[in-house]
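Visitor: here is my input, please return the structure:
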Amino acid sequence: MHPETHLTLHHTRTAELRAEAAAHRLATEARPPRWELRIRLGWTLVEVGLRLAAPTPAVAP
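Guide: Numbering: from 1, shown residues only. As a prediction, this is how the structure comes out:
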């Protein structure tokens, strides 16, 4: 392949990859953050675990 043709193809592919990266970046910024759900779920699981591990109160006769 001619060197100039190879360089032109390389520049074209680089531009395509940068455009894809920019589109992906915009898509991830537009999506609502999932970490909030993970935090809520994590604390809920901690609360359930603590309730399961806590001793049951003695029933008065």
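Visitor: next one: phi and psi at Pro32?
Guide: Reported as degrees, to the nearest 10, the phi and psi values for Pro32 are phi -60, psi 140.
Visitor: before we move on, what about Pro57?
Guide: As for Pro57, its main-chain torsions (degrees, to the nearest 10) stand at phi -70, psi 140.
Visitor: look at it and say how many residues are nearby.
Guide: Neighbour count of Pro57, defined by other CB atoms under 10 Å: 6. Any C-beta I mention is one placed from the backbone N, CA and C, and that applies to glycine too.
Visitor: and for His2?
Guide: 7.
Visitor: show me the shaky parts of the protein.
Guide: By pLDDT under 70, the low-scoring segments of the chain are 60-61.
Visitor: could you identify the longest helix within it?
Guide: helix 3-30 (DSSP state H).
Visitor: run the chain-centre distance for whichever helix or strand Val46 is part of.
Guide: In the assignment (DSSP states H and E), Val46 maps to helix 35-53. For helix 35-53, the separation from the chain centroid amounts to 19 Å (computed by CA atoms, centre = their mean, to the nearest Å).
Visitor: try stretch 14-23
Guide: The chain centroid and the centroid of stretch 14-23 are separated by 20 Å under CA atoms, centre = their mean.
Visitor: on the three-state scheme, Pro55 is what?
Guide: For Pro55, the assignment made with DSSP: H, G, I helix; E, B strand; the rest coil gives coil.
Visitor: report the contact partners of it.
Guide: Taking CB atoms under 8 Å, 6 or more residues apart in numbering as the definition of contact, Pro55 has no neighbours.
Visitor: got the phi and psi for it?
Guide: Dihedral angles of Pro55 (phi, psi; degrees, to the nearest 10) stand at phi -70, psi 150.
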